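**Student:** dropping the sequence and predicted coords here.
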Amino acid sequence: MARATHVAHGAEDLCAEGAALYARALRDGHLRAGDAEGAPCLVDFGLLRPSAGAPDTLEPLAPAVALHRLLRASEDRIADERRREARLADLFEPLLRIDGRHAGADDPPAVAVLSGLPRIGQAITRAMAAGHGELLAVQPHISHTRTPAEARAEALARDQDFLDRGGRIRTLYQHTLRHAPSVLARYEQLRGAAEARTLDEITDRLIVVDRAVAFIPANADRTLALEIRHPALVEFLATAFDRLWRLATPMYPVAAQPPTLNGITPRQRAIAALLIEGHTDAHIAERLGMNIRTARLHIAKLAATLGSDSRAQLGYLIGRSGILDVQGEAGR
């Protein structure tokens, strides 16, 4: 009967009864199974588990461990969405080059192909000029190292105009850009509700305006883009952004730095996670937005901290050290 009256919810929306029971179990060290019938979510989310010595007793999982597991599950879902995005892009890239004059079209189209950087920029400018709510943006590192100064100035003016109309801007960068002069200069000049956070890894470029229109690259060199106005697709992209945002480390207006744990920095933990997956130094550098020399320097420091004499031993020591068990908790 309890499950019939309990309203289903996500772990991030833990019900009041479940929160109270979990807190009680943490204080007492256990909980009778019957007492938890009104909040089956505690067992579903792994916050309570049956005691090995007493079948009618539930034991609480430590909050730090529970948080880590839930965050890892969220990260796994985001990784699945990234892989799905990559498969869709590979599938549709050759189709986008086919003459679609005989295909049906809406007004405006739910998905439109934009060809050429000038046309892409104009479409983004038009969308932002019509918007006044919120701009969500993912900016990979290469956009700030290869974009001409004139184009950056135009983008800055476009963003400021959006903020002046009462809009809000949230942008995700890679950790490697936390101290980049071009990024810092941008936020020193912007006035208004602009926020930025960083992650070790982010998706390709994404812009969502007022959750009504989105722009994503349609080929590797970004000379093709998709302008998406289909509500379900735009909401999917906005939701993916929100999930990444919750996992990211604040950068602006108030910066936060994930703490160093047991002598291992957050960057070294990110590298360690890729090392045990078998990635090369070059691939690790590309994934984390750094040059290969910097990546190798971090690997050498990681090896010295863990006392490793070889690459094979380093992987073993990473797994035994437990440093990846706290990766999801650091800085969150």
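**Tutor:** Cool, the structure landed.
**Student:** and Ala155, helix, strand or coil?
**Tutor:** helix (DSSP: H, G, I helix; E, B strand; the rest coil).
**Student:** can you offset everything so residue one is 58?
**Tutor:** Noted, 58 is the first residue going forward, which turns the last one into Ala212.
**Student:** so what's the residue count around it?
**Tutor:** Using other C-beta atoms under 10 Å, Ala212 is surrounded by 19 other residues. Bear in mind the C-beta positions are built from the backbone N, C-alpha and C, glycine included.
**Student:** likewise for Ile273?
**Tutor:** When counting by other C-beta under 10 Å, one arrives at 21 neighbours for Ile273.
**Student:** go on, Thr337?
**Tutor:** Neighbour count for Thr337, taken as other C-beta under 10 Å: 12.
**Student:** residues contacting His355?
**Tutor:** His355 is in contact with 322, 324-325, 328, counting by C-beta atoms under 8 Å, 6 or more residues apart in numbering.
**Student:** following the host helix or strand of it, which helix or strand shows up next?
**Tutor:** Assigning secondary structure by DSSP states H and E places His355 in helix 349-363. Scanning forward in sequence from helix 349-363 by DSSP H and E, the next helix or strand is helix 368-378.
**Student:** give the buried residues for that following helix.
**Tutor:** Neighbour-count burial for helix 368-378, counted by 16 or more other C-beta atoms under 10 Å, picks out 371-372, 374-375, 378.
**Student:** try stretch 91-106
**Tutor:** In stretch 91-106, counting by 16+ other C-beta under 10 Å, buried: 93, 95-96, 98-100, 102, 104-105.
**Student:** pLDDT for these - can I get that in TSV?
**Tutor:** TSV is the format used below for the buried residues of stretch 91-106 (pLDDT from 0 to 100):
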residue	pLDDT
Ala93	85
Gly95	85
Ala96	86
Cys98	89
Leu99	87
Val100	87
Phe102	86
Leu104	88
Leu105	89
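**Student:** point to the residue nearest the middle of the protein.
**Tutor:** Most central in the chain under C-alpha atoms, centre = their mean is Leu301, positioned 2.2 Å from the mean C-alpha point.
**Student:** how near is that residue to Ala295?
**Tutor:** Using C-beta to C-beta, to the nearest Å, Leu301 is found at 11 Å from Ala295.
**Student:** for Pro107, same thing?
**Tutor:** As judged by C-beta to C-beta, Pro107 and Ala295 stand 39 Å apart.
**Student:** comparing the two, which shows the higher neighbour count?
**Tutor:** Using other C-beta under 10 Å as the criterion, Pro107 and Ala295 rank with Ala295 on top: 18 against 13.
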